[in-house]
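Chemist: Give me a model of this one.
(2 chains)
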Amino acid sequence: DVKVTQSSRYLVKRTGEKVFLECVQDMDHENMFWYRQDPGLGLRLIYFSYDVKMKEKGDIPEGYSVSREKKERFSLILESASTNQTSMYLCASTMGRGTNEKLFFGSGTQLSVL
Amino acid sequence: AQSVSQHNHHVILSEAASLELGCNYSYGGTVNLFWYVQYPGQHLQLLLKYFSGDPLVKGIKGFEAEFIKSKFSFNLRKPSVQWSDTAEYFCAVNPGRGTGGFKTIFGAGTRLFVKA
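Modeler: Just a heads-up that it's a prediction; the model follows:
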């Protein structure tokens, strides 16, 4: 089965810190995604990547950037963390370019910014 | 903007009760529709999906969903719930065009609690 691994389950950071969230998938998937999950808001797409070094903004990219230097790894970067970025961050991947592809999710990183 | 609405944020049922979770979306074109489930302590996983053909689709664990195009709805059903169905359920829509096809849009989620 596909495995999407997020490097940390819980993170606590201070306001203004630069934060890196790492995600690795092991099944040679083309596309990778970063969502944030907030109670009452569901999942919102931050950024996605459909190829190495390619990235596209999602619906809420402000305050975030991403990096995809290798196909299996997709990093989310918070340049200067703020308290409103406290959230559960979910990484996901899909195999191909079809729009009916299911998303494979990681277990999530709960980030708290103090 | 495209959106997905889930009618209930919290649902409490007793075991063996029937379940129906409502989902409506706002996109007018061809769509791909999904229900995902997140069991306590586990990652999100696909329950079922619809992209063409029979509008009644069956998923894992006895769940089914019906796509009604005229109502822009994709409601999830299960005839008899079990305690193990306690989870959060997310309806999702993928518009399926260009890079927009990568943007799967999620509803706010419905937390289901099944009393034993």
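Chemist: center of chain A - which residue?
Modeler: With distances taken as CA atoms, centre = their mean, the residue of chain A nearest its centroid is residue A:34 (2.6 Å).
Chemist: Show me what it is bridged to.
Modeler: residue A:47, residue A:91 (DSSP bridges).
Chemist: Phi first, then psi, for residue A:68.
Modeler: Torsion angles at residue A:68 (phi, psi; degrees, to the nearest 10) stand at phi -140, psi 90.
Chemist: Tell me who's in contact with the closest residue to it other than its chain neighbours.
Modeler: With CB to CB, 6 or more residues apart in numbering or on different chains as the criterion, residue A:68 has its nearest non-adjacent residue at 4.4 Å, and that residue is residue A:49. Placement of C-beta: from N, CA and C, glycine included. Taking CB atoms under 8 Å, 6 or more residues apart in numbering or on different chains as the criterion, residue A:49 is in contact with A:31, A:32, A:33, A:55, A:56, A:66, A:68, A:74.
Chemist: Which SSE is immediately downstream of the helix or strand of chain B with the lowest mean pLDDT?
Modeler: Among the helical and strand segments of chain B, the one scoring lowest on mean pLDDT, DSSP states H and E is strand B:105-106, with a mean of 92. If you walk from strand B:105-106 toward the C-terminus, the next helix or strand you reach (DSSP states H and E) is strand B:110-115.
Chemist: Low-confidence regions, the chain specifically.
Modeler: I went with chain A, as the question did not name one. The model of chain A has pLDDT under 70 over residues A:1-2, A:97-99.
Chemist: meant chain B, my bad for not saying
Modeler: B:1, B:96-101.
Chemist: so what's the closest residue to residue B:14 other than its chain neighbours up against?
Modeler: In space, not counting the residues next to it along the chain, residue B:14 is nearest to residue B:115; the distance is 5.0 Å by CB to CB, 6+ apart. If you count contacts by CB under 8 Å, 6+ apart, residue B:115 has them with B:12, B:13, B:14, B:15, B:83.
Chemist: can you do 10 Å?
Modeler: By CB atoms under 10 Å, 6 or more residues apart in numbering or on different chains, the residues touching residue B:115 are B:12, B:13, B:14, B:15, B:17, B:81, B:83, B:86.
Chemist: now residue A:39
Modeler: When the contact criterion is CB under 10 Å, 6+ apart, the partners of residue A:39 are A:87, A:88, B:9, B:88, B:108, B:109, B:111.
Chemist: distance of residue A:41 from residue B:106?
Modeler: Here the criterion is CB to CB, to the nearest Å. By it, residue A:41 lies 9 Å from residue B:106.
Chemist: Looking at the two now, which is surrounded by more residues?
Modeler: For residue A:41 versus residue B:106, the count of surrounding residues by other CB atoms under 10 Å in any protein chain shown is larger for residue B:106: 22 against 14.
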